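Chemist: Sequence and predicted structure, then a few things I'm wondering about:
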Amino acid sequence: MGSWGRLTLASSVVLLAGCTTTTSGGSAAPTGATATTASAPAGCAARVETGALPDWADAGFSGDARVPHVFGAKGDIVAVLFAHPLRQVRTDGSNNKILWVARAATTSPDPTAPATMVITARLDGTDTRVIREVAGGPGPSIIDLPQAGCWRLDLRWSEHTDTMDLVYAP
């Protein structure tokens, strides 16, 4: 095999190796799922998936809906991104709409638990920190952040916590 054939074979192996995706729980992603981290800075764990939503997160979506989404590190919450990519500044009239969906098992039966989901966001590599709140707990929201980059989100709702990274483009 000539050098061109070896290069083509090596490229194919690298491309195929990069096509394997997993969900945050370490199991294989649904058939047809893809994940992208190309726009994420090095060290940023933002992993936008476009496969089918898990059964516990697909209420209100029809059929085999495929929308961009990011799983929390524990797999207890998913951020469904209606605006992808998320942007620091949106000039097209759209907004950074995120639907937060928590696993039913993570919903607190405690009626005294705060109903608000609190998001503490830290810009990776800086001291910049902001707090956002989603009234009523996980649900629809508009989450704007003050700078472009990788944001590490600590999420707290109904006595539960999870984390995730989201990238905001300029």
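Modeler: Sure, I can see it. Numbering: from 1, shown residues only.
Chemist: Going along the chain, name the helices of this structure.
Modeler: Per DSSP state H, the chain carries helices over the ranges 3-17.
Chemist: Pick out the residue nearest the middle of it.
Modeler: Val70 (1.9 Å; CA atoms, centre = their mean).
Chemist: so it touches Arg47, yeah?
Modeler: Yes. Counting by CB atoms under 8 Å, Val70 does reach Arg47; the two are 6.2 Å apart. For every residue, glycine as well, the C-beta is placed using N, CA and C.
Chemist: Please enumerate the shared neighbours of the two.
Modeler: Common neighbours of Val70 and Arg47, counting by CB atoms under 8 Å, 6 or more residues apart in numbering, are Asp165.
Chemist: wait, what's in contact with the residue nearest to the centre of the chain?
Modeler: Val70 neighbours (CB under 8 Å, 6+ apart): Ala46, Arg47, Val48, Glu49, Val78, Ala79, Leu81, Met164, Asp165, Leu166.
Chemist: okay, and for the chain, where does confidence drop off?
Modeler: Scanning the chain for pLDDT under 70 picks out the ranges 1-40, 105-114.
Chemist: Would you check how far apart Ser62 and Ala121 are?
Modeler: According to CB to CB, to the nearest Å, Ser62 stands 31 Å off from Ala121.
Chemist: Out of these two, name the residue with the larger neighbour count.
Modeler: Ala121 (20 against 6; other CB atoms under 10 Å).
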